[in-house]
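Trainee: got a sequence here, can you model it:
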Amino acid sequence: MLKVDRTKRILKRLDEPSLTEAQILERADLQEYIYNSSNDFFTEIGERVFIIGEEVTPSQTVQDRIDLLGIDSEGASVVVELKRGSNKLQMLQAVSYAGMVARWGLEDFRSLVSADLWEELTDFLDVDVEELNRRQRLLLVAEGYDYTLLTGAEWLNEQYGVDIRCFTVNLATDQTTGAEYLACTSVFPPPALADQAAARHRARRDHGPLKWGDWNEVLATIENEALRNFAREEIDAGRENYLRKRGIHFRLDGKSRWTLHCRIKHAYVWQRGRFLDDLSFWKTRLSDSDAVKPVKAGRALALKLLTQSDFDAFRKSVTVDAEHKAWSETGAFVNTADNEAETE
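Mentor: The predicted model follows:
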């Protein structure tokens, strides 16, 4: 990796120690860095993965642990295996874990996360949560790869359609500032082939039949009368919606700001973006103020609607009260109230 020196008009090569030389441990350091910064890491390598756990037991019959277990936006489970240096058995581990995870049911995944995180996952998915784990993917991360591992990955991918991705991570350090950088590179498939593989998966993706034939069937499952009436009124009025996920969208200035997800006993709302003092704004309007929480590192809010007054307040807020608010997509309006909410 090269450092740009604009003053001297030169490029300077940074030091590139191994993770071992830099005293970065595999589990205590590398794994924690990725787990705590999963959105940034997976965006960097071109993946959309929602991490649901680390050191996950794939089966009660073994003592092994999956380094990181995630779900991609299409509902496939993603087994992430990390290695400091290289290890030819890394892929064998991941294949074994994927085989065990393939036997999991929906409740096995739900048991790993809190109710709030499960709601976040539901919103993250591009498919209905019922389609979770129809496919399994392997994502390997290491400093390097043995030739036999890469040829084995190619064979499994081409002959049997196993979705395997291999990425290298390499450390670079700036001795002048002490800053450390992690460079991530796709090794298999090569970048151009990876784009083609992703396109093929999207083209042949089959979401399966809808669980509900229409909104009348969805409404018939809702026990909360206030929610049922609210949803019917919005659907009848032509409000934008997504039947597969029982979602109703509310736009502001052309942008989808709120999505209301219908559940059996309540509605779960996801607010995209933040406005000043929005935490207190919602807490003073909704009956379950404890359920108003910042999510996505403060870039969004989660709300819960239970009562008739909740639905009345929500409708007035998104159509009138919030109309002239200044919005931030980056969490710029995060304040003390957010920090308090996240530590409760």
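Trainee: which residue is most remote from the mean position of the chain?
Mentor: Going by C-alpha atoms, centre = their mean, the residue of the chain most distant from its centre is Lys8, 42.0 Å out.
Trainee: quick check: the gap between that residue and Tyr181.
Mentor: Noted for Lys8: a distance of 20 Å to Tyr181, by C-beta to C-beta, to the nearest Å. Where you see a C-beta, it was placed from the backbone N, CA and C, and this is true even at glycine.
Trainee: the residue nearest in space to the middle of the chain pairs with what?
Mentor: The centroid of the chain falls nearest to Phe50 when counting by C-alpha atoms, centre = their mean (2.7 Å). Per DSSP bridges, residues listed as beta-bridge partners of Phe50: Ile71.
Trainee: which stretches of the stretch 51-200 of the chain form helices?
Mentor: Remark: helices assigned in the stretch 51-200 of the chain by DSSP state H, counting those that start in this stretch are 90-101, 106-110, 115-124, 147-160, 191-204.
Trainee: contacts made by the second one with the rest, please.
Mentor: The one in question is helix 106-110. Residues from elsewhere that reach helix 106-110, judged by C-beta atoms under 8 Å, 6 or more residues apart in numbering: 52, 71, 77, 118, 129-130, 132-133.
Trainee: what does the fourth one give?
Mentor: Identification of contacts with helix 147-160 by C-beta under 8 Å, 6+ apart yields 86, 88, 90-91, 95, 140, 162-164, 166, 187-189, 197.
Trainee: neighbour-wise, which of those residues leads?
Mentor: Leu140 (25 neighbours; other C-beta atoms under 10 Å).
Trainee: can you pull out the residues in contact with stretch 230-248?
Mentor: Contact with stretch 230-248 is made by 122, 125, 127-128, 207, 210-212, 214-215, 218-219, 222, 249-251, 256, 259-263, 267, 311, 315, as judged by C-beta under 8 Å, 6+ apart.
Trainee: how close does Asp288 get to Lys304?
Mentor: Asp288 is 5 Å from Lys304, where distance means C-beta to C-beta.
Trainee: which of those two has more neighbours?
Mentor: With neighbours defined as other C-beta under 10 Å, Asp288 and Lys304 compare such that Lys304 has more, 22 against 14.
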